[in-house]
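Engineer: Sequence first, then the predicted structure, then my questions.
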Amino acid sequence: MSATNEKAPARVVVVGLASCFGCQLQITNIERHLLDVLGQVDLRYWQLTSSDPMPEEFDVAVIEGAVTTEEAVRTVRELRERAGTVIAIGACAVTAGIPAMAAPGFAERAASVYGDEAPEACGSLRPPAPVSSVIAVDHEVRCCPIDPLDFVDTLQRVLRGSNKAVPTSTLCGECKRNERGCFYGRETLCLGLVTRAGCGARCPDLGRPCNGCAGLSPDANVASARAVAARSGVDPARLDKALELFNTVDPSLASKG
Amino acid sequence: MPTSQTVPGVAVAPLRDEGAPLTGAELVRANPYRPWPARITSITDLTATEKLFEFRFVDERIREAFRHEPGQFVELSLFGVGEAPISISSSPSKSGFIELCVRRAGTFTERLHQMQCGDIVGIRGPYGRPFPFDDMRGHDILLVAGGLGIAPLRSLINNIHDERSDFGKVTIIYGSKSPAEVMFRSQFEMWRHRKDFDLYLTVDNPDDTWDGEVGLVTKPFEHLEVDPGRTFGAVCGPPVMYRFVVEEMRKKGISYDHIYMSFERHMKCGMGKCGHCQIGHQYCCIDGPVFNYWEAKNIQGSM
Amino acid sequence: MLYRVIDAAELPALVDAFMERYEVIAPVRSGRSFAFEAVGSFDDIVLDYPTTITSPKKYVLPPRETLFEFDAAANEVADFVEEVTPRVIFGVHACDINALNSLDLVFRDARYPDPYYAARRDATMVVGISCTPSEGCFCHLVDADEARTGYDLFLQDIGGRYLVSIGSVEAANILEGACNPREATDEDRIAFRHATRRRQASFNPDIPNIQEVPMLMDAFHSDPFWEELGGRCLSCTACSSVCPTCYCFDIRDTMDPDGVHGLRERTWDACTSPQFAVVAGGHNFRADGRNRVRHRMYHKLNGFMAAHDRNLCVGCGRCVYACKAGISPIEVLRFFERKGADDAD
């Protein structure tokens, strides 16, 4: 916990990779708490709000977006070397999210769009991957987009330390706490069966099935979930297909196949 | 809609200020989840990863009211970081302070290790069923500790030492991974030197300076003489250790109900409610953490 | 126990009388199911509901509650008062009343009575109501089909009128003030007997009635069955969210965004959550679905019995619907049934 010097506030940088920058925007949506939060850190760089060069020294690196180029690989490695703590925010950074939909057969896809060589502005392309596949990540703020208060909570964890458990249970428990009936009873596909809890099952609470943006739980039982789908009149192949939205490159999907 | 008035439910407030002495029960009644401020009054480095902290309650009345027995634990609070159960390492016969031996093993203990003398923490307790100290009087004692298992056993060891004449032969077998991880060594060596205890220190990986035993904690049993009719065993260590040590004690003829062991689980409430420390049908925090072997055999999943 | 009879037409007046003094919680329609919620009118209440998604547990043990507030900079507990709302939970089935009675054994124990639970429970009146078992109900197999204590009123539907058991003075006063309770006649008593017989006959006969379940839980503790059952677990904890007797919780600190003030909270937790039995340093005492599901069933069908001489499972059947993987105590009973078959292997 090198970022916990109580005398000097932690120096923080916020960096965006391949993403829509929506999660950085979400940080500004903390609104009434934003000044409180910024007052506890020394914000050295925020890509969304500044075109200054990144500073040499900092304690906490907040990374949004998937790693899609060799340049991005170098960037996150540099961030890891300099930062005591790395926080990945948003589905793109945590699971490679939407960008990862391009990962299967990436070279052919790129070639079909760009021909032999992609324009220089693209950088040197590589199959999209989560930040954690390139460097060790200390904390994750999941979902698409992130919940700004979840980000604040994670930042507090980094600044102060916390022994709060980060559960890997899946979503249905939270959905039941919201006292919602199950989509599978209506022959409707929902990814809550295998998606990591923590968001409070917000989408199902609003009447929309879970699309898996928090990512597959490491304890997800995909085989059992397929059996649930089949028993409920939902083609298990649709469950696999739906998982591609946010979990294409999850290494556990192959092994649990 | 109904006229839903609210009524005061639960208050977390200071203790009554009448100056009268408190009892431990009053601390629980005041609000069982409320930690009381305690000051770090001493920090001793034991190994690269373990420190011994001494705490004194800030309120003198709580200092007086707090009484523990060997094998019990407290819930330690670092506000904002959380709470953690930690076994008491000091002897009950020394009142006014408690010692906790803490390994740096996660965020909470990392933060505690960064703290300084004079810093304030929160403590509630003590909790748990202790070693049966009074039943143990008049007997030989065979204590076996592995690694950090020495922390709860040290409370018992120190208590026995404080009342040494009440006990027969006392043997301590204490196993560590390496010589650098042996805790309280000078104290134990001194007691061995004074013939207070028989002491066997064993390590898995010796270095050039090591003159103790090498191998598992079960190794000294090969040449140990035990009078099973008058011996209590006490065991604490990593989960894998219990079965082998208990087997050795049984081979020496010690009765099921004279072999005591302290189990490690994550006691979050300490009061038999939150469920985290359950072993089978038992709650480690109120039914244990100290169980005898007969009880442990009757708990599914204990060993 | 004192019994009186009131007409069904008097129920709205009874509920209105409660509403004058309390927040009234009752089963209402929620989507395609039912839920206990605060109601503003008798007309919102669905008295013949089969079951609700979750139980009244949430009113005595909220999913998330503050134990106290603190100042992290000073490392001090701040003075804190938690206020509770006086409530009547109207229309509670016998299984759920038995569940509350079991929670009382845990949270109102002599040694460490829980002040938060006690304050809520003391401010909560319970009005029970008779029910017709639905497909997943098996309260009669776990001795929870009758509420012998733990209610202020219990309404037995005996056809156009209710036989009312009166459990408290406070409820008796309200009942007498709002209705015209009369002495039960022989005709009422016979109607009551017929009602209980009808109820007895409507339990799902496909759920096996197994003797000595606690002993069997011990005897078959190492059976490969647990691998099969636990191997299906989705690790979602829906079972404990809906269970009226799952009381395990987590204690954790939550900081305000200001980084100084914070709350010590307790939140529902579940032994089927993968991290539940992790200790400092990372060792997990129940690292897989087999161990977690078996532990949960063991606590429901054996462990609580050992400590409190009653089943923790009340047979309400909620987990039967909530668990998409089909894991429930009924599956355990069926396993024991298979083991008892003449051709069991």
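Structural biologist: Received it, and whenever you're ready, just let me know what you need. Numbers count the residues shown, from 1 in each chain, chains lettered A, B, ... in the order given.

Engineer: in chain B, which residue is closest to the centre?
Structural biologist: B:Pro152 (2.3 Å; CA atoms, centre = their mean).

Engineer: looking at this, that residue is in a helix?
Structural biologist: Yes - per DSSP: H, G, I helix; E, B strand; the rest coil, B:Pro152 lies within a helix segment.

Engineer: Next, the contact list for it, please.
Structural biologist: For B:Pro152, the contact set (CB atoms under 8 Å, 6 or more residues apart in numbering or on different chains) comprises B:70-71, B:73, B:87-89, B:236, B:262, B:289. Every C-beta, even on glycine, is put in place using the N, C-alpha and C of the backbone.

Engineer: among those residues, which are in reach of chain C?
Structural biologist: Filtering the contacts of B:Pro152 for proximity to chain C by CB under 8 Å from any CB of the partner chain leaves nothing.

Engineer: all strands of the stretch 151-300 of chain B, in order?
Structural biologist: Using DSSP state E, counting those that start in this stretch, the strands of the stretch 151-300 of chain B run over B:170-176, B:198-203, B:213-214, B:231-236, B:259-262, B:278-279, B:282-283, B:290-292.

Engineer: got a markdown table for those strands, with mean neighbour count, mean pLDDT and distance to chain A too?
Structural biologist: Compiled in a markdown table, these are given as follows (neighbours: other CB atoms under 10 Å in any protein chain shown; pLDDT from 0 to 100; distance: least, CB to the nearest CB, whole Å):
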| stretch | mean neighbour count | mean pLDDT | distance to chain A |
| --- | --- | --- | --- |
| strand B:170-176 | 24 | 94 | 26 |
| strand B:198-203 | 20 | 92 | 30 |
| strand B:213-214 | 14 | 90 | 36 |
| strand B:231-236 | 27 | 96 | 23 |
| strand B:259-262 | 27 | 95 | 22 |
| strand B:278-279 | 24 | 93 | 16 |
| strand B:282-283 | 26 | 93 | 19 |
| strand B:290-292 | 22 | 95 | 25 |
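
Engineer: Let me have those strands in TSV, extended by distance to A:Val12.
Structural biologist: Formatted as TSV, those follow (distance: least, CB to CB, whole Å):
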stretch	distance to A:Val12
strand B:170-176	41
strand B:198-203	44
strand B:213-214	50
strand B:231-236	43
strand B:259-262	43
strand B:278-279	41
strand B:282-283	43
strand B:290-292	47
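
Engineer: between the ones you listed, which gets nearest to A:Ala229?
Structural biologist: Between A:Ala229 and the strands of the stretch 151-300 of chain B, the shortest gap by CB to CB is with strand B:278-279, which sits at 33.2 Å.

Engineer: contact partners of the closest one?
Structural biologist: Surrounding strand B:278-279, the residues in contact under the criterion CB under 8 Å, 6+ apart are B:263, B:265, B:284, B:288, B:299-302, C:271, C:277, C:285, C:295, C:299, C:303.

Engineer: that older thread, how much space between the residue nearest to the centre of chain B and B:Arg164?
Structural biologist: For B:Pro152, the distance to B:Arg164 equals 20 Å [CB to CB, to the nearest Å].

Engineer: hey, where'd the strands end up in chain A?
Structural biologist: Using DSSP state E, the strands of chain A run over A:10-16, A:41-46, A:60-64, A:67-69, A:85-89, A:125-129, A:139-141.

Engineer: Quick check: mean pLDDT of the fifth one?
Structural biologist: Yep, that's strand A:85-89 we're talking about. In this model, strand A:85-89 carries a mean pLDDT of 97.

Engineer: Compute the inter-axis angle for that strand and strand A:10-16.
Structural biologist: For strand A:85-89 against strand A:10-16, the angle by axes from the mean of the first three to the mean of the last three CA atoms, to 10 degrees is 40 degrees.

Engineer: What strands line up against strand A:85-89, and which way round?
Structural biologist: The strands beside strand A:85-89 in its sheet (DSSP bridges) come out as strand A:60-64 (parallel), strand A:139-141 (parallel).

Engineer: Was I right to think A:Ala8 contacts A:Gln40?
Structural biologist: No - taking contacts as CB atoms under 8 Å, A:Ala8 lies outside contact range of A:Gln40: 11.6 Å.

Engineer: These two - which one has more neighbours?
Structural biologist: Higher neighbour count among A:Ala8 and A:Gln40: A:Gln40, with 19 against 8, using other CB atoms under 10 Å in any protein chain shown.

Engineer: quick one: the more buried one from A:Glu64, how far?
Structural biologist: On the measure of CB to CB, A:Gln40 and A:Glu64 end up 20 Å apart.

Engineer: And for C:Glu212?
Structural biologist: C:Glu212 is 58 Å from A:Glu64, where distance means CB to CB.

Engineer: Validate this expectation: C:Gln156 resides in a strand.
Structural biologist: Yes - judged by three-state DSSP, C:Gln156 forms part of a strand.

Engineer: residues near the residue nearest to C:Arg108 when sequence neighbours are not counted, how many?
Structural biologist: Once flanking residues are discounted, C:Arg108 sits nearest to C:Ala118: 6.0 Å by CB to CB, 6 or more residues apart in numbering or on different chains. By the criterion of other CB under 10 Å, C:Ala118 has 17 neighbours.

Engineer: gap between C:Ala118 and C:Leu61?
Structural biologist: 11 Å.

Engineer: where do the contact lists of the two overlap?
Structural biologist: Taking CB under 8 Å, 6+ apart as the contact rule, C:Ala118 and C:Leu61 both touch C:Phe107.

Engineer: Report how many residues lie close to whichever residue of the stretch 101-250 of chain A sits closest to chain B.
Structural biologist: Going by CB to the nearest CB, chain B is nearest to A:Asn163 of the stretch 101-250 of chain A, at 3.8 Å. Neighbour count of A:Asn163, defined by other CB under 10 Å: 19.

Engineer: could you dump the helix or strand hosting C:Gly177 to PDB, C-alpha only?
Structural biologist: In the assignment (DSSP states H and E), C:Gly177 maps to helix C:169-178. Provided in PDB are the C-alpha atoms of helix C:169-178 (Å, rounded to 0.1, in the frame of the first residue of the first chain):
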ATOM      1  CA  VAL C 169     -52.600  -7.900  25.200                       C
ATOM      2  CA  GLU C 170     -51.800  -5.200  22.700                       C
ATOM      3  CA  ALA C 171     -53.300  -7.200  19.800                       C
ATOM      4  CA  ALA C 172     -56.300  -8.200  22.000                       C
ATOM      5  CA  ASN C 173     -57.100  -4.500  22.700                       C
ATOM      6  CA  ILE C 174     -56.900  -3.600  19.000                       C
ATOM      7  CA  LEU C 175     -59.000  -6.600  18.000                       C
ATOM      8  CA  GLU C 176     -61.700  -5.700  20.500                       C
ATOM      9  CA  GLY C 177     -61.600  -2.100  19.500                       C
ATOM     10  CA  ALA C 178     -62.000  -2.700  15.800                       C
END
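
Engineer: Who are the packing partners of whichever helix or strand comes after it?
Structural biologist: Using DSSP H and E, the helix or strand that directly follows helix C:169-178 along the chain is helix C:186-201. Judged by 3 or more CB pairs under 8 Å, 6 or more residues apart in numbering or on different chains; DSSP states H and E, helix C:186-201 is in contact with strand C:153-157, strand C:161-166.

Engineer: Please tabulate these in a markdown table, including the columns mean neighbour count and mean pLDDT.
Structural biologist: A markdown table is the format used below for these (neighbours: other CB atoms under 10 Å in any protein chain shown; pLDDT from 0 to 100):
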| stretch | mean neighbour count | mean pLDDT |
| --- | --- | --- |
| strand C:153-157 | 23 | 97 |
| strand C:161-166 | 22 | 96 |
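
Engineer: Sketch out the helices for the chain, chain order is fine.
Structural biologist: No chain in the question, so chain A it is. In chain A, helices defined by DSSP state H lie at A:22-28, A:34-38, A:70-82, A:90-95, A:106-114, A:148-160, A:172-177, A:202-205, A:222-231, A:236-247, A:251-256, listed in chain order.

Engineer: my bad, the chain I had in mind was chain C
Structural biologist: For chain C, applying DSSP H gives helices covering C:11-21, C:57-60, C:94-107, C:115-122, C:169-178, C:186-201, C:213-219, C:225-231, C:238-242, C:289-298, C:304-308, C:318-322, C:329-339.
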